[in-house]
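Enquirer: let's see this in three dimensions:
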Amino acid sequence: MRPLLCGFREPLYALMRLIIGFLFACHGAQKLFGVLGGEGHAHGKFLVAGIVEFFGGVLIALGLCASIVAFIAAGEMAVAYFTVHAHMGTFPIVNHGELAVAYCFVFLYIAARGSGKLSLDSLLFKGAGNDAAKEAAVAGNP
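Expert: Numbering: from 1, shown residues only. Sure, this is the predicted structure:
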């Protein structure tokens, strides 16, 4: 059976990347600038997290080096889960780590798929953002 929204794969992927990147950047802005309900003035590991979240979120949203940046962001979210949430309970819903887990796996998907056709990578590097689609076509899975 053909997927329901098959014809909208690229626009929906770009929209997901844009929204996830924006939301991730908002978390970084909280840590770095004290906006959106954050305290700002981050230092130590929170400064590193803020930098990864803010600048990584912007790059992911724009689709610029999204594969590399998303891989780094996935790692940061795994570290965040195990250092901040895991000790408070076994399950993410109990320890309030479900957002970190969701971000981690969405970023792993973005890292595997690349920036996509509707991205700055694709615009600047003439199709560089479409690596996963090329690989799927070669494998016979368009």
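Enquirer: ok, residue 20 - contacts?
Expert: When contacts are counted by Cβ atoms under 8 Å, 6 or more residues apart in numbering, residue 20 touches 57, 60-61, 103, 106-107, 110. (C-beta placed from N, C-alpha, C; glycine too.)
Enquirer: 6 Å - rerun?
Expert: residue 106 (Cβ atoms under 6 Å, 6 or more residues apart in numbering).
Enquirer: with residue 14 instead?
Expert: Neighbouring residues of residue 14 by Cβ under 6 Å, 6+ apart: 116, 118.
Enquirer: run a quick neighbour tally on residue 88.
Expert: 10 (other Cβ atoms under 10 Å).
Enquirer: would you confirm that it contacts residue 94?
Expert: No. Residue 88 is beyond contact range of residue 94, at 7.3 Å (criterion: Cβ atoms under 6 Å).
Enquirer: what sits in contact with each of the two?
Expert: With Cβ under 6 Å, 6+ apart, residue 88 and residue 94 have no common neighbours.
Enquirer: and the residue nearest the centre of this structure?
Expert: Per Cα atoms, centre = their mean, the C-alpha nearest to the average position across the chain is that of residue 107, at 3.9 Å.
Enquirer: secondary structure element for it?
Expert: helix 98-113 (DSSP states H and E).
Enquirer: likewise for residue 51?
Expert: Element membership for residue 51, per DSSP H and E: helix 45-62.
Enquirer: chain center to that helix: distance?
Expert: Relative to its parent chain, helix 45-62 has a centroid offset of 10 Å by Cα atoms, centre = their mean, to the nearest Å.
Enquirer: for it, buried residues please.
Expert: 49-50, 52-54, 56-62 (16 or more other Cβ atoms under 10 Å).
Enquirer: and the angle from the longest helix anywhere in the chain to helix 98-113?
Expert: Using DSSP state H to define each element, the chain has its longest helix at helix 9-33. Relative orientation of helix 9-33 versus helix 98-113 (axes from the mean of the first three to the mean of the last three Cα atoms, to 10 degrees): 130 degrees.
Enquirer: in helix 9-33, what's buried?
Expert: Those would be 10, 13-14, 17-18, 20-21, 24-32, for helix 9-33 by 16+ other Cβ under 10 Å.
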